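**Q** Next input, structure requested:
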Amino acid sequence: MPALDPTVRHLYVHVPFCPTICPYCDFHVLTRRAGLVERYLERLEEESAWLAGAYAVDLDTVYIGGGTPSFLRDAELTGLVESVRRHLGWGRAENTLEINPGTVSPARAALWRDLGFDRASVGVQSLDNATLKFLGRQHDARQAREAVTTLVGAGFRVSGDLITAVPGQPLEADIRGLVELGVGHVSAYTLTVEPGTEFARRGVTVEEEDERRGFEETEACLTALGFSRYEISNYARPGQESRHNLAYWEGRTYLGLGPGAAGHYPAAPGEAALTLRRTNPHLHDWLVGGQGEAEAVLPEDYVTDALFMGLRLRAGLDLADLSRRSGVDVRTRYAAPIAANVARGLLALEGDRLRATPGGWWVLNRVVTDFLEAERPACPD
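**A** Below is the predicted model of the structure:
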């Protein structure tokens, strides 16, 4: 029988409010209006109570993201945290707050620590003013440096976000400057132009050559500075990995709280599905009680999801453990795509551990497609 943990140990809370909408952003975000945050907090209290009654919850990590959670006023963020604690508890291992550099002050950093946050994910994006202007960011390089310095001084484990493949960006200077400020973790994401964004309307494009150069230069620079690339886009000093995000990549279940939040939940005993995935509706539907449609994840779907996420990790994933969790004999069921991609040099198999090679990371979508193809029945002759 599958051996999934029936207790949910991770919580994501989505705060959709931002002071402005960045031209590359395709998340569910909006600017605040009179009364909207108050209604959001009231509904968040209701949903927290519902989740507490629907699932066994014993939290290891909490991640409050957005949007810009630090854009909430002090009393609003305090109320949000109190709602979560009242119904769902708080993370024993890690509690992260996403922070915009323009919202940081020593007094606010002290408040966030008092509320129980120990990790700060800061949307630096660049330490170059021209790059920040192109990206439509409202903070400048000085504010970004001061914000990181303040948060490190307040005792946070600090992660800095960077965007790469931006035309004219001094990437190495960005990386070195961020590391010199004292961060223990860096998330480096290639600029992506999604349909419906301002960049898409302007016709902004990202060249594959620039994308690959950023991909390779980021690793070379951060590795030389003592960071390890533990996931395709994430680097950390020893012990500074994001425990919350590791839960996603390792296929664990987690609660999604707030408008647009995604959750991965245990299925009820006796159901054919192994887990359920649900993405909450956007704010206005969510405010009136909408929950979004649940997608049943059958054992085979769980395996392909776990392969896609687990192969993002440098360590890869343990196929024997995945077989225990899913009830699927993974090595036998997927012997052909494993063998084919090992032969191509895109995957490596050492005992029960399967991982992507650096070349496999670059074409990971293609690798996972081979596993999805193995799920499809052969056409009759």
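**Q** Just to check, residue 240 is in contact with residue 185?
**A** Yes. Judged on Cβ atoms under 8 Å, residue 240 makes contact with residue 185 at a distance of 4.8 Å. Placement of C-beta: from N, CA and C, glycine included.
**Q** Neighbour count: the two, which is higher?
**A** residue 185 (22 against 19; other Cβ atoms under 10 Å).
**Q** Is that one bridged to anything, and to what?
**A** Judged by DSSP bridges, the bridge partners of residue 185 are residue 159, residue 236.
**Q** pretty sure residue 280 is touching residue 286, no?
**A** Yes. With contact defined as Cβ under 8 Å, residue 280 reaches residue 286; the gap is 5.4 Å.
**Q** Helix or strand for the spatially most central residue of the chain, just tell me which one.
**A** Centroid-nearest residue in the chain: residue 245, 5.5 Å away (criterion: Cα atoms, centre = their mean). Take DSSP states H and E as the rule and residue 245 turns out to sit in helix 243-249.
**Q** Residue 152 now?
**A** If you go by DSSP H and E, residue 152 is part of helix 141-153.
**Q** which SS state does residue 121 fall under?
**A** Three-state assignment for residue 121 (DSSP: H, G, I helix; E, B strand; the rest coil): strand.
**Q** next one: phi and psi at residue 13?
**A** Reported as degrees, to the nearest 10, the phi and psi values for residue 13 are phi -120, psi 130.
**Q** partners of it in the sheet?
**A** Under the criterion used here (DSSP bridges), residue 13 is bridged to residue 64, residue 257.
**Q** With residue 146 as the reference, measure out to residue 245.
**A** In this view, residue 245 and residue 146 are 26 Å apart by Cβ to Cβ, to the nearest Å.
**Q** okay, the spatially closest residue to residue 181 that is not a sequence neighbour: pLDDT?
**A** The shortest distance from residue 181 to any non-neighbouring residue, by Cβ to Cβ, 6 or more residues apart in numbering, is to residue 148 (4.3 Å). pLDDT recorded at residue 148 is 98.
**Q** same check, this time on the one 3 residues further on
**A** On the pLDDT scale, residue 151 is placed at 98.
**Q** what does residue 137 give?
**A** Looking at residue 137, its pLDDT stands at 88.
**Q** The residue nearest to residue 181 is in contact with residue 124, isn't it?
**A** Yes. Residue 148 is within contact range of residue 124, at 6.8 Å (criterion: Cβ under 8 Å).
**Q** Between these two, which contacts overlap?
**A** Each of 101, 160, 178 lies in contact with both residue 148 and residue 124 under the rule Cβ atoms under 8 Å, 6 or more residues apart in numbering.
**Q** Looking at neighbours, which among those is most surrounded?
**A** Most crowded among the shared contacts of residue 148 and residue 124, counting by other Cβ under 10 Å, is residue 160 at 29 neighbours.
**Q** ok, now which ones touch residue 37?
**A** Taking Cβ under 8 Å, 6+ apart, one finds 17, 72, 73, 76 in contact with residue 37.
**Q** and it, helix, strand or coil?
**A** With three-state DSSP as the basis, residue 37 sits in helix.
**Q** now the stretch 251-381 of the chain, which segments are flagged as low pLDDT?
**A** Across the stretch 251-381 of the chain, the ranges flagged by pLDDT under 70 are 376-381.
**Q** Look up the pLDDT of residue 250 for me, please.
**A** Predicted confidence (pLDDT) for residue 250: 94.
**Q** How about it, nearest residue that isn't a chain neighbour?
**A** Excluding the flanking residues, the one nearest residue 250 by Cβ to Cβ, 6+ apart is residue 310, at 6.6 Å.
**Q** Can you report how many residues lie near the one you found?
**A** Counted with other Cβ under 10 Å, residue 310 comes out at 22.
**Q** now it: how far from residue 6?
**A** Applying Cβ to Cβ to residue 310 and residue 6 gives a distance of 21 Å.
**Q** what does residue 63 give?
**A** For residue 63, the distance to residue 6 equals 21 Å [Cβ to Cβ].
**Q** now do residue 324
**A** 14 Å.
**Q** neighbour count winner among these two?
**A** Taking other Cβ under 10 Å, residue 324 and residue 6 do not tie; residue 324 has more neighbours (15 against 11).
**Q** what helix or strand is that one on?
**A** Using DSSP H and E, residue 324 sits in helix 319-326.
**Q** name the helices or strands packed onto that helix?
**A** On a contact count with 3 or more Cβ pairs under 8 Å, 6 or more residues apart in numbering; DSSP states H and E, helix 319-326 meets helix 299-310, helix 330-333.
**Q** re earlier: kindly indicate which of the shared contacts of residue 148 and residue 124 lies nearest residue 133.
**A** residue 101 (14.4 Å; Cβ to Cβ).
**Q** where exactly do the strands run in the stretch 51-200 of the chain?
**A** Using DSSP state E, counting those that start in this stretch, the strands assigned to the stretch 51-200 of the chain run over residues 57-66, 94-99, 119-125, 157-164, 185-190.
**Q** which one of those is the most hemmed in?
**A** strand 119-125 (a mean of 26; mean count of other Cβ atoms under 10 Å).
**Q** Convert that one to PDB, retaining C-alpha atoms only.
**A** Presented in PDB, the C-alpha positions along strand 119-125 are these (Å, rounded to 0.1, in the frame of the first residue of the first chain):
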ATOM      1  CA  ARG A 119      13.400  33.600   7.100                       C
ATOM      2  CA  ALA A 120      13.000  36.500   4.600                       C
ATOM      3  CA  SER A 121      12.700  36.100   0.900                       C
ATOM      4  CA  VAL A 122      13.600  39.500  -0.600                       C
ATOM      5  CA  GLY A 123      12.700  40.500  -4.100                       C
ATOM      6  CA  VAL A 124      15.900  42.300  -5.000                       C
ATOM      7  CA  GLN A 125      15.900  41.200  -8.700                       C
END
